[in-house]
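**Q** Attaching a predicted model along with its sequence, questions to come.
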Amino acid sequence: MIRHLVVKSAILSLLLAATTAGAQDATQTQAQTAAANPGSTQQTTDQPAQPTAQSTAPQIQIIDTVVGKGKEATVGSTVYVNYTGWLYKPMAAKQRGRKFDSSLNPGRTPLDFPLGAGRVIKGWDQGVAGMKVGGKRTLIIPSDLAYGKRGSPGGIPPDADLIFDVELLDVK
């Protein structure tokens, strides 16, 4: 146990020394640059640059085309929507590739589902939340929030990003 702590302490010391040395090198380089260019407005600092947090999680894109005025869709409510879905193709007209499904097709009815219950793809739970009845929205959903690596027997290939036009008809 003591040996483990000593090794861990030594590793932390090496990391700290490397970080401090890197910051000192950067400060010296900035000072040398400023000395070589006396008219420069570059400012030097003794503080190393702070890393910025960047999310690597897939993000849904939400584009409201009509903002509704009715009841808001909240987690736990049942929503009723009309939709049309296409494969997302960024270079295609309106970014829409092949259409794979629509509740507007003859003989079809609006889709209803409990919002946030995981009965639809994650992108739908995220993208419909906050809509108001009468609203229309375009959802661009990355594959990780859609059908992912498995795809769907309904004609959605593995790793496909999707785009949907959604209209919120009712919230109960």
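**A** In hand now; what should we look at? This structure is a prediction, so every number in the text was calculated from the model and none was measured.
**Q** Show me where the chain has its helices.
**A** All helices of the chain, identified by DSSP state H, fall at 2-36, 122-128.
**Q** In terms of mean pLDDT, which of these ranks lowest?
**A** Among the helices of the chain, helix 2-36 carries the lowest mean pLDDT, at a mean of 38.
**Q** residue ranges with poor pLDDT in this protein?
**A** The chain contains residues with pLDDT under 70 at 1-55.
**Q** 90 instead, please
**A** Applying pLDDT under 90 to the chain picks out residues 1-58, 153-154.
**Q** domains of it?
**A** 1-50, 61-171 (automatic domain parsing).
**Q** Pull the contacting residues for R150.
**A** Each residue near R150 by Cβ atoms under 8 Å, 6 or more residues apart in numbering is listed here: P158. Bear in mind the C-beta positions are built from the backbone N, C-alpha and C, glycine included.
**Q** swap in P110?
**A** Contacts of P110 (Cβ under 8 Å, 6+ apart): 80-82, 103, 169.
**Q** Only the buried subset of those residues, as a ChimeraX command please.
**A** Buried members of the contacts of P110, defined by 16 or more other Cβ atoms under 10 Å, are picked up in ChimeraX with:
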select :80,81,82,103,169
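**Q** what's the closest of the contacts of P110 to G134?
**A** Closest to G134 out of the contacts of P110 is L169 (8.4 Å), distances taken as Cβ to Cβ.
**Q** isn't the closest one right next to Y83, touching?
**A** No. If you go by Cβ atoms under 8 Å, L169 and Y83 don't touch, sitting 10.3 Å apart.
**Q** Relative to A129, how far out is V120?
**A** Relative to A129, V120 is positioned 12 Å away (Cβ to Cβ, to the nearest Å).
**Q** do T78 as well
**A** T78 is 13 Å from A129, where distance means Cβ to Cβ.
**Q** what is in contact with these two at once?
**A** Counting by Cβ under 8 Å, 6+ apart, the residues touching both T78 and A129 are L115.
**Q** neighbouring contacts of stretch 82-97?
**A** Residues outside stretch 82-97 that contact it (Cβ under 8 Å, 6+ apart): 98-104, 110-111, 140-141, 156-157, 160-167, 169.
**Q** What about those, which are in strands?
**A** Taking DSSP state E, the ones among those that sit in strands are 98-102, 111, 140-141, 162-167, 169.
**Q** Return the member of those residues nearest to Q61.
**A** Of the ones in strands among the contacts of stretch 82-97, the one sitting nearest to Q61 (Cβ to Cβ) turns out to be I140, at 3.9 Å.
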